[in-house]
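Student: task: produce atomic coordinates for the following.
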Amino acid sequence: MLALAAQRTHTMTGAAVAKSWPVVVVPTESGQTTTPPAGHTVALSSFDLCMLPFPMKLVLAFDRPVHEPVETIKRALSRALDHYQPVAGRLDGEGGIACTGEGVAFVAASASCALEEAMATLQQMDLTVRLPGVFCLDADPLLLVQVTVFSCGGFVVGVTWNHLLADGTGIGQFLGAVGELARGVSPPSVAPVRHWDDALRALPPTSVAAQRSTFDNNGPRYLVRHDVAVPLSLVSRIKGESGCTAFEAVAAVIWRCRTRAVASPDDSPAPLCFPCNVRALVGAGAGYYGNCVVGQVVPATSGAVASSSVADLALLIRRAKENVPDLLSGSGSDGEAAPPDDGGAQSGAQEAPLQWYDGIGVISWVNLGFDAADFGGGGAARVMWHEDRTLLPGCMVCPPCRGDAFNVSSLCVKPEHADAFLRELDLLGIQY
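Tutor: The predicted structure is shown next:
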């Protein structure tokens, strides 16, 4: 495992990043452990099993220096593993996580420039630990962390995790605990919960199969990366017209721009898929950090999406959210909820089998606590999805942090559709 990355220097966009050899961070064995203890096995839930072992990558940029950020975060990470024993474990190959205490991978790195100089090009910099394969293996660490210190004292925390371990809410909670421990708060304010019995309500088997099939498409494709900024003023206007949430407004904007750019025939399917946190619906205890989301689909045709107002599309997304409880009961014939009634605008949207490029997935990282993670100098100045490949065309809606726009990390169009996508963004006053 320690051969994950040799010591090396990458020069990207004029900035050099020197990386140390990876080391393993293990629990401190302080005795301040929470359940399940070391040596136990946590069974993956039906929500975990909806996911593929795909590595998710998160970058948190901090422009306010802290004392010795590498050592501070490394020590706090070790202490956090006392409370989150499964994070330091390994997949057992039989549908569970063995709490082996083998630890997580940790890389210290340094950048040759100031963080402010690199803020616009962080996506092109080597700020996360990359696994050698497309998917995580059972023997791989479930979590990999890189701390890169910039010449100004600012730093970036890059987090890679196996999606079978946790969803975004779970990782946000874990990073919050690392931050508290780095600041001297012990134990963490949120007691972690990981059910290793049948306490969590299970998804119907038909729903598990339907959810997993959304992603099981023979691996990721490489699409054009765009980092766009959807102005808060635009989001507020859409919210005022439709009564929607900020996420629904941003998702509707990207959905329409992308659909118009691809310009498929009017009767072609152009669905939107988005995950919903269902902890409150399935009996997950406070502090539960495993996967607990289901993916909802808004079926629609290309013509209907392209010709609709953004506000109307936001309402479609809202109505689909209201149907999420049906996914948990398996009330649909294939485990999917019935599409919302839109007066026939989506007629024919699912008559043909969906191909991987037909639709788009939009995920929100806005309310997961990523921007609130604080290792001693305050919250993050920037939150980013640090990826160059994806299982299906999609984008990540990231919190505004200290800006006046929602940052959207997008991998949703092929090169031949990139210019048209940017033109559609321009028409709405969206920067990229």
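Student: and the contacts of stretch 134-145?
Tutor: The contact list for stretch 134-145, computed with C-beta atoms under 8 Å, 6 or more residues apart in numbering, reads 1, 4, 22, 24-25, 52-55, 73, 77, 86-93, 97, 102-107, 128-129, 131, 157-162, 164-165, 219-220, 389. (Glycine included, C-beta is placed from N, CA and C.)
Student: narrow these to just the buried residues.
Tutor: Neighbour counting by 16 or more other C-beta atoms under 10 Å classes 4, 22, 25, 52-55, 73, 77, 86-92, 97, 102-107, 128-129, 131, 157-162, 164-165, 220 among the contacts of stretch 134-145 as buried.
Student: restricted to helices, list these.
Tutor: 73, 77 (DSSP state H).
Student: in strands only, show me the buried ones among the contacts of stretch 134-145.
Tutor: Among the buried ones among the contacts of stretch 134-145, the ones falling in strands (DSSP state E) are 25, 55, 90-91, 97, 104-107, 157-162.
Student: show me where the stretch 101-250 of the chain dips below the pLDDT cut-off.
Tutor: Under the criterion pLDDT under 70, the flagged ranges of the stretch 101-250 of the chain are 195-199, 213-220.
Student: mind listing the helices for the chain?
Tutor: Under DSSP H, the chain gives helices at 69-83, 115-118, 168-182, 205-215, 232-242, 246-262, 279-282, 302-307, 310-322, 324-329, 415-427.
Student: reformat those helices as CSV; add distance to residue 16.
Tutor: Formatted as CSV, the helices of the chain follow (distance: least, C-beta to C-beta, whole Å):
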stretch, distance to residue 16
helix 69-83, 17
helix 115-118, 11
helix 168-182, 27
helix 205-215, 35
helix 232-242, 35
helix 246-262, 34
helix 279-282, 42
helix 302-307, 43
helix 310-322, 42
helix 324-329, 46
helix 415-427, 28
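Student: could you chop this protein up by domain?
Tutor: 2-182, 205-366+387-427 (automatic domain parsing).
Student: quick one: closest of those to residue 378.
Tutor: Residue 378 lies closest to domain 2-182 among these, at 5.2 Å (C-beta to C-beta).
Student: keeping just the C-alphas, turn stretch 119-135 into CSV.
Tutor: Output of stretch 119-135 as CSV, limited to C-alpha atoms (Å, rounded to 0.1, in the frame of the first residue of the first chain):
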residue,chain,number,x,y,z
MET,A,119,-6.7,29.5,-6.2
ALA,A,120,-8.0,29.6,-9.8
THR,A,121,-6.0,26.5,-10.9
LEU,A,122,-6.2,24.2,-7.9
GLN,A,123,-8.0,21.6,-10.0
GLN,A,124,-4.9,21.2,-12.2
MET,A,125,-2.6,20.7,-9.2
ASP,A,126,-1.6,17.4,-7.6
LEU,A,127,-3.4,17.9,-4.3
THR,A,128,-4.9,14.5,-3.6
VAL,A,129,-3.6,11.0,-3.3
ARG,A,130,-4.4,8.9,-6.4
LEU,A,131,-5.0,5.2,-6.2
PRO,A,132,-3.4,3.2,-9.0
GLY,A,133,-6.7,1.8,-10.4
VAL,A,134,-10.0,3.2,-11.5
PHE,A,135,-11.8,1.6,-8.5
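Student: check which residues of it are buried.
Tutor: By neighbour count with 16+ other C-beta under 10 Å, stretch 119-135 contains the buried residues 119, 122, 123, 125, 126, 127, 128, 129, 130, 131, 135.
Student: for the third one, list the residues it contacts.
Tutor: So that's residue 123. By C-beta under 8 Å, 6+ apart, the contact list for residue 123 reads 225, 227, 384, 386, 409.
Student: residue contacts, the third one?
Tutor: Right, residue 384. Contacts of residue 384 were listed using C-beta under 8 Å, 6+ apart, and they are 58, 59, 61, 122, 123, 227, 398, 407, 409.
Student: what about 7 Å?
Tutor: Residue 384 makes contact with 59, 122, 123, 398, 409 under the criterion C-beta atoms under 7 Å, 6 or more residues apart in numbering.
Student: the first one pairs with what?
Tutor: In other words, residue 59. Residue 59 has these beta-bridge partners by DSSP bridges: residue 158, residue 384.
Student: my guess is it meets residue 155, correct?
Tutor: No. Using C-beta atoms under 7 Å as the test, residue 59 is too far from residue 155 to be in contact (11.1 Å).
Student: kindly export stretch 282-293 (C-alpha atoms) in PDB.
Tutor: Output in PDB follows, covering the C-alpha atoms of stretch 282-293 (Å, rounded to 0.1, in the frame of the first residue of the first chain):
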ATOM      1  CA  VAL A 282     -34.900   5.200   7.700                       C
ATOM      2  CA  GLY A 283     -34.000   5.400  11.400                       C
ATOM      3  CA  ALA A 284     -30.400   6.400  11.100                       C
ATOM      4  CA  GLY A 285     -29.200   7.600  14.500                       C
ATOM      5  CA  ALA A 286     -27.800  11.100  15.000                       C
ATOM      6  CA  GLY A 287     -24.100  10.900  14.100                       C
ATOM      7  CA  TYR A 288     -24.500   8.100  11.500                       C
ATOM      8  CA  TYR A 289     -21.700   8.400   9.000                       C
ATOM      9  CA  GLY A 290     -22.300   5.500   6.500                       C
ATOM     10  CA  ASN A 291     -24.000   6.000   3.200                       C
ATOM     11  CA  CYS A 292     -27.600   7.000   3.500                       C
ATOM     12  CA  VAL A 293     -28.700   8.500   0.200                       C
END
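Student: quick one: that stretch to chain centroid distance?
Tutor: Mean C-alpha position of stretch 282-293 versus that of the full chain (C-alpha atoms, centre = their mean, to the nearest Å) differs by 16 Å.
Student: understood, closing this out.
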